[in-house]
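[1] Return a 3D structure for these sequence lines:
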Amino acid sequence: MNQISLGQSDLKVTPICLGTMTFGEQVSEPASHAILDRALARGVNFIDTAEMYAVPTRVETYGATETIIGNWFAANPGVRRRVVLASKVAGPSRATPWVREGAGMTAADIIASCEGSLRRLRTDVIDLYQIHWPERHVPAFGQMYYSPSKETSSTPIPEQLEALGRLVREGKVRYIGLSNETPYGVHEFVRLAEQLGLPRVASVQNPYSLLNRSWENAMDESCHRLGVSLLAYSPLGYGLLSGKYDEGGTTGAQAPAAARLTMFESMRKQRWGRKESWEVGKLYNQLARDNGLTPTQMALAFCYTKWQVASTILGVTTVEQLDEDIDVWGTQLTPQVLQAIDAIRKLHRDPAQ
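    I've put the predicted structure just below:
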């Protein structure tokens, strides 16, 4: 894998990123360290985490993932210099009052969150610090439509940028990014950064998979023209595109017992648990099999080869899963398969949007 630049920054990352939200919930600390070791050995230099992880969020596991990664750095001197480390500041409370109360996300909130992450990660600097979800009310996490009546924004974007700029000036953060954003949000952050001489966003971390290609409905042009990179999360649609739920669903007798959608009812209530997501996922999975591919190979190759994607974030629970996902790198989908993928989307759109 050749390294690529994120946006207009000088961060050089691999086009595969290790996501860590399962560390501390589904994955123990020793198993997490084994996955981190393996990712580094396989050439992956990009690690993504967040202050609110592990997922699903619980007060008992708040900050656990960053702590596990920090312990890995401490146990392996020199490793920190070999990786590009990304983390995220949580937006206003989304059923996570132990992270932040109230509707806003003030400059003080951002500063305090970053300093907490630095302590847990046992590092002096976070290479890419991202706003996990907008302070504004936006269509995200399964909400499809923007509604002005639901707007509760109380922290202006300039205040958020000023806080991030302070962290950059103090050397605690190198570059900034966004997540779960909209075209308006990206344009406004870039416009204000350029106008006010504040840090410019390097990347946006949004969902992108066969089950959710909403990025291609305006975000791709916006970010291409602004020079902002996409970090694609949930490329396997929470496992729906791996084929493991095809026969047993998420709750039946044949459902995979150790899988996220089987274990956690809260996740089944989200976009990935929709009946439509499961049904359309099965269509894509059968298309893969009909063309001599595993569902995982087709779903990841789709993300790995799209011009819109700078780096694909892999969420795994075992070293074996990590190897399987990395091994897909280099797989090319034929024009016929890509046409068939588009045909399915034309009929079913984005069920996990």
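[2] and the strand or helix carrying residue 205, which strands flank it?
    Using DSSP states H and E, residue 205 falls within strand 201-207. Strand 201-207 has the following strand partners under DSSP bridges: strand 173-179 (parallel), strand 229-233 (parallel).
[3] Give the next helix or strand downstream of the worst-scoring helix or strand of the chain on mean pLDDT.
    For the chain, using mean pLDDT, DSSP states H and E, the weakest element among its helices and strands is helix 265-268, scoring a mean of 64. Per DSSP H and E, the first helix or strand lying C-terminal to helix 265-268 is helix 275-290.
[4] after that next one comes which helix or strand?
    Counting by DSSP H and E, the element after helix 275-290 in chain order, helix or strand, is helix 295-305.
[5] Okay, helices next: where are they in the protein?
    Here the chain has its helices, by DSSP state H, at 29-41, 64-75, 107-121, 157-169, 183-196, 219-226, 260-263, 265-268, 275-290, 295-305, 319-327, 335-348.
[6] got a markdown table for these, with mean neighbour count too?
    Where you see a C-beta, it was placed from the backbone N, CA and C, and this is true even at glycine. Formatted as a markdown table, the helices of the chain follow (neighbours: other CB atoms under 10 Å):
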| stretch | mean neighbour count |
| --- | --- |
| helix 29-41 | 17 |
| helix 64-75 | 21 |
| helix 107-121 | 19 |
| helix 157-169 | 19 |
| helix 183-196 | 16 |
| helix 219-226 | 17 |
| helix 260-263 | 21 |
| helix 265-268 | 16 |
| helix 275-290 | 18 |
| helix 295-305 | 23 |
| helix 319-327 | 17 |
| helix 335-348 | 13 |
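[7] Between the ones you listed, which one is closest to residue 146.
    Taking CB to CB, helix 183-196 is the member of the helices of the chain nearest to residue 146, at 8.9 Å.
[8] I'd like the strands paired with strand 201-207 as TSV, with mean neighbour count, distance to residue 65 and mean pLDDT appended.
    Below are these laid out as TSV (neighbours: other CB atoms under 10 Å; distance: least, CB to CB, whole Å; pLDDT from 0 to 100):
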stretch	mean neighbour count	distance to residue 65	mean pLDDT
strand 173-179	24	15	98
strand 229-233	25	15	98
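[9] between these, which one is nearest to residue 34?
    strand 229-233 (22.2 Å).
[10] can I have the strand holding residue 205 written out in CSV, keeping just the CAs?
    Below are the C-alpha coordinates for strand 201-207, written out as CSV (Å, rounded to 0.1, in the frame of the first residue of the first chain):
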residue,chain,number,x,y,z
VAL,A,201,-10.1,20.5,7.9
ALA,A,202,-8.0,17.8,6.3
SER,A,203,-10.7,15.1,6.2
VAL,A,204,-14.3,14.0,6.9
GLN,A,205,-15.1,10.6,8.4
ASN,A,206,-18.5,9.5,7.1
PRO,A,207,-20.3,6.2,6.5
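[11] That'll do, ta.
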